[in-house]
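S.K.: Here is a sequence with its predicted model. Questions after.
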Amino acid sequence: MPMNTPRIVALVPMRDQSERVPGKNYRALAGAPLFHHILRALQASRGIAEIAVDTDSPSIKAGLAEHFPAVRVIERPEHLRAGEVPMNEILLHDTAQIPADFYLQTHSTNPLLRSETIGRAIDAFVAALPKVDSLFSVTGLQTRFYDAEGKAVNHNPKELLRTQDLPPVYEENSCIYIFSRASLAQHSHRIGASPLMFPIPRNEAWDIDEELDFQIADFLMQQRQKTS
């Protein structure tokens, strides 16, 4: 690796229990446990020096040993296992375990994320240094938004532009974050003071929070497998 190439470690936190979709991290999606999909994408991506999974799950640890022996396991300590523990506290723990210039965090609940997209995000972030201190992925939405008071957010209701002509509004989609430990500690957030937004295609940005999300992601992955 060239001297000017930063060492980037991928972090993938995975709890054993999920409140809204029980066992989702190791439940089968399109023929494989959910967490296999994101790890395959990370292993195939350029720019990642090492992959680490933070987990308290015996099922996931057994699956890693069998199918992903090169992936490092970070045992999640007891005090960080509750569902209400902020992700930033878990990441501060994880980044203290493995030294790196930067960390790329993603989730097992982003199974449709492609390795090419991860590589492009790393390239964009490295190219933008030192003007930026972090990166987060977004989904551009072109639809008519209103705030809680009924005021139009991104359009003039009297003009009725076609939605494809509206200026996009960006949603943080939780697929990719890149940050340093110093920035994480300083801002108590993955997104620093000068972040780079990185748009990714909607068909890769489906994040599984609820049962319906799981079913949709399963369908989309099966369709992708039929055409690949």
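M.R.: It's in.

S.K.: Identify the single longest strand in this protein, thanks.
M.R.: strand 169-179 (DSSP state E).

S.K.: Quick one: mean pLDDT over that one.
M.R.: Averaging pLDDT along strand 169-179 yields 95.

S.K.: Residues in contact with it: which ones?
M.R.: 8, 102-107, 109-110, 113, 117-118, 121-122, 125, 133-142, 145, 153-154, 190-192, 197-200, 204-205, 207 (CB atoms under 8 Å, 6 or more residues apart in numbering). In this view, the C-beta of every residue, glycine as well, is placed from N, C-alpha and C.

S.K.: how near is the residue located most distally from the centre of the chain to Ala152?
M.R.: Distance from the C-alpha centroid of the chain, by CA atoms, centre = their mean, peaks at Lys158 (37.9 Å). Lys158 is 9 Å from Ala152, where distance means CB to CB, to the nearest Å.

S.K.: One more: Glu210?
M.R.: Distance from Glu210 to Ala152, by CB to CB: 29 Å.

S.K.: For the longest helix along the chain, name the packing helices and strands.
M.R.: When the chain is parsed with DSSP state H, its longest helix is helix 211-227. Counting contacts by 3 or more CB pairs under 8 Å, 6 or more residues apart in numbering; DSSP states H and E, helix 211-227 is packed against strand 28-29.

S.K.: Please state the offset of the strand it packs on from the chain centre?
M.R.: Mean-position distance between strand 28-29 and its chain equals 18 Å (CA atoms, centre = their mean, to the nearest Å).

S.K.: let's number from 3 now, not from 1
M.R.: With 3 as the first residue, the last one maps to strand 30-31.

S.K.: Strand partners (parallel or antiparallel) of the following helix or strand past it?
M.R.: Per DSSP states H and E, the first helix or strand lying C-terminal to strand 30-31 is strand 34-35. Using DSSP bridges, the strands paired with strand 34-35 in its sheet are strand 30-31 (antiparallel).

S.K.: pLDDT on the strand it pairs with, on average?
M.R.: The model assigns strand 30-31 a mean pLDDT of 94.

S.K.: Let me see the residues that make contact with that strand.
M.R.: 36, 39, 113, 216, 219-220, 223.
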